[in-house]
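1. Predicted model follows, preceded by the sequence.
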Amino acid sequence: MTIATWNVNGLRARLDFVRHWLDARRPDLVGIQELKLTDDEFPRQAFEDAGYHAEPYGQKAWNGVAILSREPVRVVRRGLPGQEELGARLLTAEAGDLSFTTVYCPNGKSIDHADYPRKLAWFESLRRHFAEQHDARRPTVLCGDFNVVPAAIDSWDEAALHGSIHHTDAERACFRGLLDWGFADLFRQYLPDTRAFSWWDYRGGAFHRNLGLRIDVLLGTESVVSRLRRVEIDRDYRKKKDGLIASDHAPVIVDLE
């Protein structure tokens, strides 16, 4: 079973690019983020034509998440309880024996911005939601754009950026709270010492200079970790394809037994 997460940075602009990737990689289950369109605008037919069922949870112009699957899934949660004012950022479905959640976590903008404490509160609500509504003993995946650099190894310049947005101790404590609940970072389970990134700014040649951050993450419970066979950041799809412009995020792919 192949599972992936990808912030597509606007599905309207990226639809043909996402279709290209689906045709090339054929994942079984995908969480996508930053749709920037409503459910009524969601191009469901385009995904059906590619062989995928699609379950969106969107909003106008901002945020939005969706689940793409080769087999039908059953949606059980749209939105993070108590955090509705921050938009369409969480979608959970049952995919066979697997509980699958995709999230687009708040950015926070900067540590001096009012959105920063809102980001921390959102993460605390996410941790509490899993503690109260999920069971760490069952196969569970939480994936998405976390907008947090989990550790120094996940930043292109930790020395300069530590304490700034995505790199604060408070944000990292929020991330560890999810691990304490029962999740493991699947990339780090498979590649404990590898320095690799999933996001690069469009500006300044950041991708070609590899000035990036690892903020796109798949978390899994122990019963998922035991099935882990491969993790890959699909850097090839951070590049243009057939004249199509890539997102500033690369897909992250996990193979499970």
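-> That came through fine.
2. If you count neighbours, what's buried in stretch 89-97?
-> Neighbour counts over stretch 89-97 (16 or more other C-beta atoms under 10 Å) mark Arg89, Leu90, Leu91, Thr92, Ala93, Ala95 as buried. Quick note: C-beta positions are derived from backbone N, CA and C, even for glycine.
3. Same check on stretch 53-72?
-> 54-59, 63-70.
4. which of those residues sit farthest apart?
-> Within the buried residues of stretch 53-72, Gln59 and Arg70 form the most distant pair, 26.3 Å apart (C-beta to C-beta).
5. Please convert the buried residues of stretch 53-72 to a markdown table, extending it with distance to Tyr202, pLDDT and secondary structure.
-> Converted to a markdown table, the buried residues of stretch 53-72 look like this (distance: C-beta to C-beta, whole Å; pLDDT from 0 to 100; DSSP: H, G, I helix; E, B strand; the rest coil):
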| residue | distance to Tyr202 | pLDDT | secondary structure |
| --- | --- | --- | --- |
| Ala54 | 27 | 98 | strand |
| Glu55 | 29 | 98 | strand |
| Pro56 | 25 | 98 | strand |
| Tyr57 | 26 | 98 | strand |
| Gly58 | 23 | 98 | coil |
| Gln59 | 24 | 97 | coil |
| Asn63 | 20 | 98 | coil |
| Gly64 | 20 | 98 | coil |
| Val65 | 22 | 99 | strand |
| Ala66 | 23 | 99 | strand |
| Ile67 | 27 | 99 | strand |
| Leu68 | 25 | 99 | strand |
| Ser69 | 30 | 98 | strand |
| Arg70 | 31 | 98 | coil |
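6. Specify which member of these is nearest to His249.
-> For the buried residues of stretch 53-72, the nearest to His249 is Val65 (13.5 Å; C-beta to C-beta).
7. So in terms of bridging, what pairs with the closest one?
-> Going by DSSP bridges, Val65 is paired in beta bridges with Gln33, Tyr57.
8. residue contacts, it?
-> Counting by C-beta atoms under 8 Å, 6 or more residues apart in numbering, Val65 makes contact with 31-33, 35, 56-58, 88-91, 102-104, 144.
9. Return the distance of it relative to Cys143.
-> For Val65, the distance to Cys143 (C-beta to C-beta, to the nearest Å) stands at 10 Å.
10. what residues are shared contacts of those two?
-> By C-beta under 8 Å, 6+ apart, the residues touching both Val65 and Cys143 are Gly31, Thr102, Val103.
11. Need those residues in CSV (columns: neighbour count).
-> Converted to CSV, the shared contacts of Val65 and Cys143 look like this (neighbours: other C-beta atoms under 10 Å):
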residue, neighbour count
Gly31, 29
Thr102, 28
Val103, 25
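12. Please flag which of the residues you listed sit within strands.
-> Gly31, Thr102, Val103 (DSSP state E).
13. Excluding residues flanking it in the chain, which one is nearest the first one?
-> Going back to what we said before, that points to Gly31. Thr102 (2.7 Å; C-beta to C-beta, 6 or more residues apart in numbering).
14. any idea how far Asp135 is from that neighbour?
-> 19 Å.
15. Same question for Val103.
-> On the measure of C-beta to C-beta, Val103 and Asp135 end up 18 Å apart.
16. ok, back up a step: these two touch, right, the residue nearest to Gly31 and Leu90?
-> Yes: contact criterion C-beta atoms under 8 Å: Thr102 and Leu90 qualify, at 7.5 Å.
17. returning to that earlier point: the residue nearest to Gly31 pairs with what?
-> Residues in beta-bridge contact with Thr102 (DSSP bridges): Leu91, Cys143.
18. which residues does it contact?
-> Thr102 neighbours (C-beta under 8 Å, 6+ apart): Thr5, Gly31, Ile32, Gln33, Val65, Ala66, Ile67, Leu90, Leu91, Cys143, Gly144.
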